[in-house]
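**Q** Sequence and predicted structure, then a few things I'm wondering about:
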Protein chains: 2
Amino acid sequence: MQKNVEKISIFSSLSPEYIRKMENITQVTKYSPGKVIFMENDPGTGFYGILEGRIKIYKSSPLGKEHILHIFGPGEVFAEAAVFAGRDFPASATALEESVLVFFPRDSFRALLGENPDLSLTLLGLMSMRLRQMVGKVEELSLKEVPARLAAHLLLLGDNSGKDEFQLDINKSQLASLLGTIPETLSRVIRRMKDEELISIKGNRVKLLDIQSLDELARGVFRL
Amino acid sequence: MQKNVEKISIFSSLSPEYIRKMENITQVTKYSPGKVIFMENDPGTGFYGILEGRIKIYKSSPLGKEHILHIFGPGEVFAEAAVFAGRDFPASATALEESVLVFFPRDSFRALLGENPDLSLTLLGLMSMRLRQMVGKVEELSLKEVPARLAAHLLLLGDNSGKDEFQLDINKSQLASLLGTIPETLSRVIRRMKDEELISIKGNRVKLLDIQSLDELARGVFRL
DNA sequence: CGCCCGTTTGACAATGCTCAATGTTCGTGG
DNA sequence: CCACGAACATTGAGCATTGTCAAACGGGCG
């Protein structure tokens, strides 16, 4: 199977021979949708890069509830913190689609990392961004209510796509889990946002009608 | 003023001459209680180490609510992610006590970092732990209720002190903010935990009476 | 002694969750 | 091509947890 480590963005600027060395230590695996890649508390023996597909990272509670922390796509890596913390995975990972992953074993990766100080810096940058995102998540959960979180999320999607009309790339149950709520609540909030003509939505096709108000809603300036 | 960079734990194992170089780029400042060190959205021009005192890192909402993310003490560093993300600070920092901080300017620090690849690894380890902590916080906020969060926090304090009796080192308003709630709610939850004889509390002196139940409560197995 | 801050308590409101029922969509197979 | 089922989505009713507002309390310090 093709390894194509250079498709992983944190490695894209590395020299060809270094990339080849990387490829020597990795192992490529396919995962079908719904397949669990690792579970919370599994020993963190390495990290993964995504060649194809999408992966959700989530925490689940004893009572079966689950909160999606992040969804990663092609070119991204995940669980990299396990390499340096030397601890168990703090969350679980499952494939959302047919996915192809490269696995980097912890020890061989660390050995190779020693040869390339620049890569350490790249990783430090990556982890800084991760930390920032998590801080943002904490802020949203504790300081904002569901409508604000949804507004923020939609605005982000709009920004990423560059348009004010786009498709949700996950179903609404998962979106609820990503926003730290449940499908029923999400459904009702969407309803209200439609009624207030902030957005229009049909299936997974969303259109932002009133960016201004959405923005104020996201910042907590006003309430639905 | 004494710089004593070796008192900062991530630097403690560095060679004396390297430490001296560090000290050349740093600058030491005193902060009185309540003094703001930086605010969210300030440009992240470097990071801080704590020689003396304690610092709270927090997010605040437009409406004046605040959520404490972390409280750091002597030997710890904070805001280190700003060095690598090259972005603004995602949260604010304020001194809780009379504090003495060493400031490491971003650019000179990065230059020095290049000379010492091991330090990069140490930092990667540190940031991995930070990330893990934040993931834990997200889990608690979205998957657990206030009694569970309080129980978990008290058990942690008990663990850290090694005893089942200890003092809260912050007042209850701040504890509430750290747990992602408000003083009124915290007060009521403490009340219930006393009534159920899980803990006893007098002023800031806490005693854990029923570790077993506290643990189940923290894990969400049962409810108050 | 009296003030101030932090804490506690009470009454109330609201946000979001639970449970249950009904709708919708879409793919499969008759 | 239509019918059926499964998964997802929506809606309603009721309730639990937590936040809001207001008042009273308490302890420490000038």
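**A** Sure, I can see it.
**Q** tell me which residues in the longest helix along chain A are buried?
**A** Secondary structure of chain A per DSSP state H: the longest helix is helix A:117-143. Buried residues in helix A:117-143, counted by 16 or more other C-beta atoms under 10 Å in any protein chain shown: A:119-128, A:130-132, A:134-135, A:137-143. For every residue, glycine as well, the C-beta is placed using N, CA and C.
**Q** now for it, which elements pack on it?
**A** Where contact means 3 or more C-beta pairs under 8 Å, 6 or more residues apart in numbering or on different chains; DSSP states H and E, helix A:117-143 is packed against strand A:66-72, helix A:106-114, helix A:146-161, strand B:55-60, strand B:66-72, helix B:81-85, helix B:106-114, helix B:117-143.
**Q** switch to 6 Å and redo it
**A** helix B:81-85, helix B:117-143 (3 or more C-beta pairs under 6 Å, 6 or more residues apart in numbering or on different chains; DSSP states H and E).
**Q** orientation of it relative to helix B:106-114 in degrees?
**A** 130 degrees (axes from the mean of the first three to the mean of the last three C-alpha atoms, to 10 degrees).
**Q** do helix A:117-143 and DNA strand C meet?
**A** No - judged by C-beta under 7 Å from any atom of the strand, helix A:117-143 and DNA strand C are separated, with a smallest distance of 9.7 Å.
**Q** pLDDT on that helix, on average?
**A** Helix A:117-143 shows a mean pLDDT of 94.
**Q** Would you pull up how far it lies from the middle of the chain?
**A** Remark: helix A:117-143 is offset 12 Å from the chain centroid, using C-alpha atoms, centre = their mean, to the nearest Å.
**Q** and if you look at stretch A:96-107?
**A** Taking C-alpha atoms, centre = their mean, one finds stretch A:96-107 lying 14 Å from the centre of the chain it belongs to.
**Q** Report the buried residues of that stretch.
**A** Those would be A:96, A:99, A:100, A:101, A:102, A:103, A:104, A:106, for stretch A:96-107 by 16+ other C-beta under 10 Å.
**Q** and chain A, which of its residues are near DNA strand D?
**A** Contacts of chain A with DNA strand D, taken as C-beta under 7 Å from any atom of the strand, map to A:171, A:172, A:173, A:183, A:184, A:186, A:187, A:188, A:190, A:191, A:201, A:204.
**Q** Is it possible to get CSV of the residues you listed that adds neighbour count and pLDDT?
**A** Listed next are these as CSV, based on neighbours: other C-beta atoms under 10 Å in any protein chain shown; pLDDT from 0 to 100:
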residue, neighbour count, pLDDT
A:171, 11, 94
A:172, 15, 96
A:173, 12, 96
A:183, 14, 97
A:184, 9, 97
A:186, 20, 98
A:187, 12, 97
A:188, 13, 97
A:190, 19, 97
A:191, 11, 96
A:201, 15, 94
A:204, 13, 91
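**Q** In helices, which of those fall?
**A** Going by DSSP H, the helices hold A:172, A:173, A:183, A:184, A:186, A:187, A:188, A:190, A:191 from the residues of chain A next to DNA strand D.
**Q** Show me which pair in these is furthest apart.
**A** Pairwise distances across these (C-beta to C-beta) peak at 15.9 Å, for the pair A:173 and A:191.
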